[in-house]
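Student: A structural model of the following input is requested.
(one chain, ligands or ions: 1)
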Amino acid sequence: MHVRVISLILRFCAIPALILGILFWIGLVVPTNALLSIHMLLGILVMLGLWMMSIAHFKSKPGLAISILLLSLIAIIFGITQENFFVLAPSLIWLIKLIHLLLVFGALTLCNMLTRSPHPTERKTTFLQQKKILPQDN
Ligand code: HEM
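Tutor: Model prediction:
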């Protein structure tokens, strides 16, 4: 699938997942089973989108791609099981919630690093060389 399509799907799922999560967080919406399932489904789709993005960029940035694959896998497993931790360690709910957010936003930030185009100062060729006005230095 084209990288732009994956990126569009990612945004379409990540924004409602984030809004629902924030509404749960501030207590404006009660996390009923149905709403939690929607949040988790959207979240899992985002994480699968990150996998596709990592696979698409695997050759150019293998280290970053593997980190995203692992982090998003842990984010899915932790997200599915986090409610059990709420019961096991009620005094540590804030920490469990924080870990969920760190995993999710960590994976999203790494994906942003994977897909962003290089800053002009990081490019190996200058603008004039890209336009073939100046020769490339070898
Ligand atoms: C784009 C991805 C995601 C975003 C932006 C996101 C965001 C949030 C936010 C802001 C909260 C409220 C604070 C908190 O409890 O930590 C939350 C709660 C939660 N999320 Fe996610 N999440 C994402 C993915 C996932 C995934 C993949 C799963 C599981 C498969 C998941 C499961 C949960 C659960 C179970 C809660 C707890 C609701 C509660 O009982 O308070 N989330 N999420």
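Student: Quick check: I6 touching M53?
Tutor: Yes - using Cβ atoms under 8 Å, I6 is in contact with M53, at 5.5 Å. For the C-beta atoms, the positions are set from N, CA and C on the backbone; glycine is no exception.
Student: So those two - more neighbours on which side?
Tutor: Comparing I6 with M53 by other Cβ atoms under 10 Å, the one with more neighbours is M53, at 24 against 20.
Student: moving C-terminal of whatever helix or strand that one lives in, what's the next helix or strand?
Tutor: Element membership of M53, judged by DSSP states H and E, is helix 33-56. From helix 33-56 onward toward the C-terminus, using DSSP H and E, the following helix or strand is helix 62-88.
Student: if I look at the residue nearest to the spatial centre of the chain, how far off is I22?
Tutor: With distances taken as Cα atoms, centre = their mean, L108 lies nearest the centre of the chain, 2.5 Å away. Distance of L108 to I22, given as Cβ to Cβ, to the nearest Å: 15 Å.
Student: Would you mind naming what in this structure lies close to the ligand?
Tutor: By Cβ under 6 Å from any ligand atom, the residues of the chain that approach the ligand are 14, 17-18, 21-22, 24-25, 31, 36, 39-40, 43-44, 46-47, 75-76, 79-80, 82-83, 97, 100-101, 104.
Student: Pull out the buried residues from these.
Tutor: For the residues of the chain next to the ligand, a burial check counting by 16 or more other Cβ atoms under 10 Å picks out 14, 17-18, 21, 24, 39, 43-44, 46-47, 75-76, 79, 97, 100, 104.
Student: Can you work out which residues contact both of I6 and M53?
Tutor: Counting by Cβ atoms under 8 Å, 6 or more residues apart in numbering, I6 and M53 have no contacts in common.
Student: shaky segments in this protein?
Tutor: 1, 117-124, 136-138 (pLDDT under 70).
Student: make it 80
Tutor: In the predicted model, the chain carries pLDDT under 80 at residues 1-2, 117-138.
Student: Once you drop chain neighbours, what's closest to H39?
Tutor: L20 (4.5 Å; Cβ to Cβ, 6 or more residues apart in numbering).
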